[in-house]
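K.L.:
below are the sequence and a predicted model; questions follow.
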Amino acid sequence: MSRHESARWKISYGWLRGEDWWGDPVSNNFVLMDILLHPWAVSMNENTPPAALAIGAQYIIGPNPVGGWAGHPLELAVYSENGWVFCKPLVKGVRVGCESPAGWYYWDGDEWVGEDKNAAAPPAAEGQFYDVIMWVGFAAEPLEEIGGIPLPEDMTWPKDALDSVGRSKTAPDIDVVISVMRNFTEQVGTITFTPGSTIATFVVTADRVFAKGQTISFQTPVNMPEFFASYGATVRLVLNRTGG
């Protein structure tokens, strides 16, 4: 079989036994693989080659290149001991990390797309959750602090307490309004157990942001029924980040 080129990256292969292709074809293969294996660009969107060059430095060229980059828009460029080596993105999904602007970018067939810009931020229900659980098996005193959990990351209790749930073993005789507190002093929402129902209702009028290290706790009302016990809630917070 004579020499062929692979369908995706035009890598040479298939020459006949005894043929000497240890010149450009094989050397070009190795250079191409070096460019594509874990690529990391110094920058992207620049159209002029930088004045200070280091061998091995890689760039994503801008759309209107000049000078030593002329004719290679949006290509990967690596500076070698023999000058610039270029790699035209041929395959969708090629992924490159970049220092400036910082982030990960992939080739969508026409341009480089920032992975964090490819889709809208997920709604709270689809984000990364952090559940805080309150359970009270005893008759708490009026204005008693229940729990006090320092949070390990920035996170938000979304408006309307999306996906938070609460219930009690038995329904109280009067409304029992548990305050959800930030740093023990600021009420950010309420959990209410009403007469005739064992299912709690939540009131959170706006997104409530907790910074890393801040505390979430629960406080009983001043008119706490003497014998109301065995109730709890899961407060679902959303981590202020995406991607895991």
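P.N.:
Done, it's in. Numbers count the residues shown, from 1 in each chain.

K.L.:
retrieve the pLDDT associated with residue 129.
P.N.:
If you check residue 129, the pLDDT there is 87.

K.L.:
run through the residues that contact it.
P.N.:
Residue 129 is in contact with 163, 236, 237, 238, 239, counting by C-beta atoms under 8 Å, 6 or more residues apart in numbering. For the C-beta atoms, the positions are set from N, CA and C on the backbone; glycine is no exception.

K.L.:
how close does residue 53 get to residue 99?
P.N.:
Residue 53 sits at a distance of 15 Å from residue 99 (criterion: C-beta to C-beta, to the nearest Å).

K.L.:
now swap in residue 77 and tell me
P.N.:
15 Å.

K.L.:
between those two, who's got more neighbours?
P.N.:
residue 77 (22 against 11; other C-beta atoms under 10 Å).

K.L.:
what's the closest non-adjacent residue to the more buried one?
P.N.:
Closest residue to residue 77 apart from its sequence neighbours, by C-beta to C-beta, 6 or more residues apart in numbering: residue 59 at 4.8 Å.

K.L.:
contacting residues for the closest residue to residue 109 other than its chain neighbours?
P.N.:
Excluding the flanking residues, the one nearest residue 109 by C-beta to C-beta, 6+ apart is residue 92, at 4.8 Å. Residue 92 is in contact with 106, 107, 108, 109, counting by C-beta under 8 Å, 6+ apart.

K.L.:
now residue 232
P.N.:
Here residue 232 is in contact with 133, 134, 135, 136, 166, 167, 168 (C-beta under 8 Å, 6+ apart).

K.L.:
right, and the last one touches residue 198 too?
P.N.:
Meaning residue 168. Yes: Residue 168 is within contact range of residue 198, at 4.9 Å (criterion: C-beta atoms under 8 Å).

K.L.:
return the helix or strand in the chain with minimum mean pLDDT.
P.N.:
None of the helices or strands of the chain scores lower by mean pLDDT, DSSP states H and E than strand 12-13, at a mean of 58.

K.L.:
alright, I will stop here.
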